[in-house]
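A.B. asks: The following comprises the amino acid sequence and a computationally predicted model.
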2 protein chains.
Amino acid sequence: MAYRVVQYENGRLHVLDQTVLPHQENFVELENLAQVEHAIRTLQVRGAPLIGVTAGFGVCVGLKELPDDTPADQVRSRGREVVERLSRTRPTAVNLFWALERMAAVLAGLDGPNWRSALDAEAEAIFRETLDQDARMADHGMQLLSAGERAITHCNTGPLATGGGGTALGVLIEAHRRLGGLHVYADETRPRWQGAHLTTWELMRHGVPHTLICDNMAAALMRTRGVDSVWVGADRIAANGDTANKIGTYGLAVAARHHGVPFYVVAPTSTIDPALESGEGIPIEERDPAEVSAPGGHRISPGDTPVWNPAFDVTPAELVSAIITEQGVFRGPEYDFRRPPSEE
Amino acid sequence: MAYRVVQYENGRLHVLDQTVLPHQENFVELENLAQVEHAIRTLQVRGAPLIGVTAGFGVCVGLKELPDDTPADQVRSRGREVVERLSRTRPTAVNLFWALERMAAVLAGLDGPNWRSALDAEAEAIFRETLDQDARMADHGMQLLSAGERAITHCNTGPLATGGGGTALGVLIEAHRRLGGLHVYADETRPRWQGAHLTTWELMRHGVPHTLICDNMAAALMRTRGVDSVWVGADRIAANGDTANKIGTYGLAVAARHHGVPFYVVAPTSTIDPALESGEGIPIEERDPAEVSAPGGHRISPGDTPVWNPAFDVTPAELVSAIITEQGVFRGPEYDFRRPPSEE
């Protein structure tokens, strides 16, 4: 990989500070629990899978000051506090809670002097599984691509979002490496510009030919230049395939359908919520109006202009050509994830 | 009107400086030809109809220093220079050339001591006709609206764009005044943010309830909150109704069609190009990449990120529910403007 996103070695955790990309590449050490909490809360690390990975290692960092010979009950007690504090950093990232539950289970089972290596091993397993999952999504997704395709992607779903190979953008980066000739159009992704800040930077670092566009140019791009496929990630997928993802995804799906362009969602199985019948049950978070009216701190509208700023939208399953997980390619428009696919 | 956009009185021309809106409201005098040229070139005045109006008055300002008793041939000679200089301020605004041709015709016919009042009268006629045209577009467009509608608009097409009542936004402002209860959603209109900078300011000043959204939220808005109609202006309309307008218009039209929402174009007859068979003949200007990659001077992507920045897109006639001119409402999808409609 052309850059490191997260690294845990000899008990020391380093992460790439994503708040200063693409202007600075700071690979910083998170030396204690407070620094790990701060990094997750302020989006120095972001992307649901990467938050999970960081939280796993964060438990180890949070127990670093305990001597090796600390009795197991004291490790468990302090460990519970650490898990509790990390669980309060972000409310919605499912992978955060999933990773912390795994660490808590190991904590609960501790009974000897090897507690530190047991916790390190679990955090490393979480990371390794993410890497593996991403590689398998790339393998499956690539079946849908050919050399020389023009693809559009929205928001950031590359290595920066997982710490591994990435989800949707991971498929495109790997397909370019193996097939060659891809050209990726990156939506800037208002209001927070993840596409402009992060996706163009990742494409540059992986040597994938690319072009930045404003979100409102995607439809004209399809009409005038031709686009072969659209690739996005997901924040939550309902049992019927309805997909919640970064705001703007739905409009892109509508444009893709109008132009007969396939629309692909790439996400690990953990993103699927089998208990949720359809996308109508997904609550849509509305965020700070200033993200829209004062981008980068620069106010663009009168001070009291009312703003609508939903963080996500829901794309109905009938507009999703296929959903790609680490388990394989699931083709729509009929999806049934009431029981998530599991490995045999 | 709640604010003055342009005013010509006793030989003095004042304009509202649109480059500092919505933060400052500077109604500045353009005291000489150089200041008029500068104002048009730097977008202190913008919008094709307003550029035409300003150019008409600009000819008068440019001849201000000549004594009243200047011989007609000297007025004509200096007048030709003024017209020539103003014609070089903006290359594409059709109304600029149309207004300057009218002023040039009056100059050519001058033969007595009343040259100043003859030129003033023609510039004032151009302005008056624009006001009248806008009022008639509002009358016609309003037939398509009901009290309490939710409308979306793109870019800025209000009084700021014409010096009169405006085109598409003019219809909405007047409909709110007469029918009441409208709610207007303003697309921010990347890359230059005319919707955020200018449209929200105009809606506020006219007391029309409104909400600012990012362009990529329009489709989700249609799906989740419901939208009754979409209103946009035009930069050029082909004989078959294909419409070139600010980038993002086409994607909005695609979303409107997907949701069964009517899509209306409002523009004076002078915007129709009867010689142009279809939109395929409309050249699309590509502008400075920095508008996309460094909005407001704040760089959002790596320094060498390739950018696509078309200023306009073309919406095919089949997506346009009706075109409203000062002559009336023309319903699609079949349009025939090979001979522009003319008043009987």
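C.D. replies: All right, it came through fine.

A.B. asks: list the buried ones in whichever strand or helix holds A:Ala219?
C.D. replies: Per DSSP states H and E: A:Ala219 is located in helix A:218-224. Neighbour-count burial for helix A:218-224, counted by 16 or more other CB atoms under 10 Å in any protein chain shown, picks out A:218-223. Placement of C-beta: from N, CA and C, glycine included.

A.B. asks: next one: stretch A:5-14
C.D. replies: A:5-6, A:8, A:13-14.

A.B. asks: List the contacts of the helix holding A:Ala219.
C.D. replies: Applying CB atoms under 8 Å, 6 or more residues apart in numbering or on different chains, the external contacts of helix A:218-224 come out as A:152, A:185, A:187, A:213, A:227, A:251-252, A:255-256, A:258-259, A:261, B:247, B:250-251, B:254, B:284, B:308, B:310, B:313-314.

A.B. asks: thinking again about what came up before, which one of the buried residues of helix A:218-224 sits closest to A:Arg331?
C.D. replies: A:Met222 (21.5 Å; CB to CB).

A.B. asks: Could you measure from the closest one over to A:Gly260?
C.D. replies: Taking CB to CB, to the nearest Å as the measure, A:Met222 falls 9 Å from A:Gly260.

A.B. asks: can you map out the strands along the stretch 1-150 of chain A?
C.D. replies: Per DSSP state E, counting those that start in this stretch, the stretch 1-150 of chain A carries strands over the ranges A:6-9, A:12-16, A:27-30, A:150-153.

A.B. asks: To chain B, which of these lies closest?
C.D. replies: Distance to chain B, taken as CB to the nearest CB, is lowest for strand A:150-153 among the strands of the stretch 1-150 of chain A, at 11.3 Å.

A.B. asks: can you tell me if that closest one touches chain B.
C.D. replies: No: figure legend: strand A:150-153 not in contact with chain B (CB under 8 Å from any CB of the partner chain); closest approach 11.3 Å.

A.B. asks: So what touches the next helix or strand after that strand?
C.D. replies: The helix or strand immediately downstream of strand A:150-153 is helix A:159-162, counting by DSSP H and E. Applying CB under 8 Å, 6+ apart, the contact partners of helix A:159-162 are A:1, A:3, A:5, A:16, A:18, A:21, A:46-50, A:53, A:130, A:134, A:165-167, A:169-170, A:173, A:198, A:202, A:233.

A.B. asks: Check stretch A:20-38 too.
C.D. replies: With contact meaning CB under 8 Å, 6+ apart, stretch A:20-38 is reached by A:3-4, A:7, A:12-17, A:39, A:44, A:54-55, A:57-58, A:61-62, A:64-65, A:82, A:85-86, A:88-89, A:160, A:197-198, A:200-201, B:299, B:301-302.

A.B. asks: can you do 6 Å?
C.D. replies: Stretch A:20-38 is contacted from outside by A:13-14, A:16-17, A:39, A:58, A:61-62, A:82, A:89, A:197-198, A:201, B:302, using CB atoms under 6 Å, 6 or more residues apart in numbering or on different chains.

A.B. asks: what's near enough to touch the spatially most central residue of chain A?
C.D. replies: In chain A, the centroid-proximal residue (CA atoms, centre = their mean) is A:Gly47; its distance is 3.3 Å. The contact partners of A:Gly47, by CB under 6 Å, 6+ apart, come to A:161-162.

A.B. asks: again, only using 7 Å
C.D. replies: The neighbours of A:Gly47, taking CB atoms under 7 Å, 6 or more residues apart in numbering or on different chains as the test, are A:160-162.

A.B. asks: Quick check: it vs B:Ala55, distance?
C.D. replies: As judged by CB to CB, A:Gly47 and B:Ala55 stand 53 Å apart.

A.B. asks: With A:Thr271 instead?
C.D. replies: Separation of A:Thr271 from B:Ala55 (CB to CB): 57 Å.

A.B. asks: what does A:Leu182 give?
C.D. replies: Relative to B:Ala55, and taking CB to CB, A:Leu182 is found at 48 Å.

A.B. asks: Looking at the two, which has the bigger crowd around it?
C.D. replies: B:Ala55 (31 against 23; other CB atoms under 10 Å in any protein chain shown).

A.B. asks: hang on, that one packs against B:Glu101?
C.D. replies: No: counting by CB atoms under 7 Å, B:Ala55 stays clear of B:Glu101, with 10.2 Å between them.

A.B. asks: residue ranges with poor pLDDT in chain A?
C.D. replies: Residue ranges of chain A with pLDDT under 70: A:1, A:91-93, A:340-344.

A.B. asks: who are the neighbours in contact with A:Gly170?
C.D. replies: A:134, A:137-138, A:157-159.

A.B. asks: Could you tell me how far the strand or helix carrying it lies from the centre of the chain?
C.D. replies: If you go by DSSP H and E, A:Gly170 is part of helix A:168-179. How far helix A:168-179 lies from its chain's middle: 16 Å, per CA atoms, centre = their mean, to the nearest Å.

A.B. asks: likewise stretch A:38-55?
C.D. replies: Taking CA atoms, centre = their mean, the mean C-alpha location of stretch A:38-55 is offset from the chain mean by 10 Å.

A.B. asks: State the distance spanning the first to the last residue of that stretch.
C.D. replies: Taking CA to CA, to the nearest Å as the measure, stretch A:38-55 stretches 12 Å from start to finish.

A.B. asks: ok, now stretch A:209-227?
C.D. replies: 14 Å.

A.B. asks: Count the neighbours of A:His38 for me.
C.D. replies: By the measure other CB under 10 Å, the count of residues near A:His38 is 13.

A.B. asks: picking up where we left off before, measure the residue nearest to the centre of chain A to chain B for me?
C.D. replies: 19 Å (CB to the nearest CB, to the nearest Å).

A.B. asks: Ramachandran coordinates for that residue?
C.D. replies: Dihedral pair for A:Gly47: phi 90, psi 120, per degrees, to the nearest 10.

A.B. asks: and the lengthiest helix in chain A, what does it pack onto?
C.D. replies: For chain A, the helix that runs over the most residues, judged by DSSP state H, is helix A:115-142. Packing contacts for helix A:115-142, counted by 3 or more CB pairs under 7 Å, 6 or more residues apart in numbering or on different chains; DSSP states H and E, involve helix A:48-62, helix A:94-109, helix A:168-179, strand A:263-266, strand A:322-325.

A.B. asks: let's go with 6 Å and repeat that
C.D. replies: helix A:48-62, helix A:94-109, helix A:168-179, strand A:322-325 (3 or more CB pairs under 6 Å, 6 or more residues apart in numbering or on different chains; DSSP states H and E).

A.B. asks: Buried ones in it, by neighbour count?
C.D. replies: The neighbour-count check on helix A:115-142 (16+ other CB under 10 Å) flags A:115-116, A:119-120, A:122-123, A:126-127, A:129-131, A:133-134, A:136-138, A:140-142 as buried.

A.B. asks: distance of A:Met217 from A:Gly163?
C.D. replies: Separation of A:Met217 from A:Gly163 (CB to CB) stands at 31 Å.

A.B. asks: Revised request: answer the last question for A:Pro191.
C.D. replies: From A:Pro191 across to A:Gly163, the span is 25 Å (CB to CB).

A.B. asks: Surely A:Leu86 is in contact with A:Thr54?
C.D. replies: No: checked against CB atoms under 6 Å, the pair A:Leu86 and A:Thr54 is beyond contact range at 9.0 Å.

A.B. asks: Pick out whichever of those two has more residues nearby.
C.D. replies: Using other CB under 10 Å as the criterion, A:Leu86 and A:Thr54 rank with A:Thr54 on top: 32 against 26.

A.B. asks: Wait, that one touches A:Gln44, no?
C.D. replies: No: contact criterion CB under 6 Å: A:Thr54 and A:Gln44 do not qualify, at 9.2 Å.
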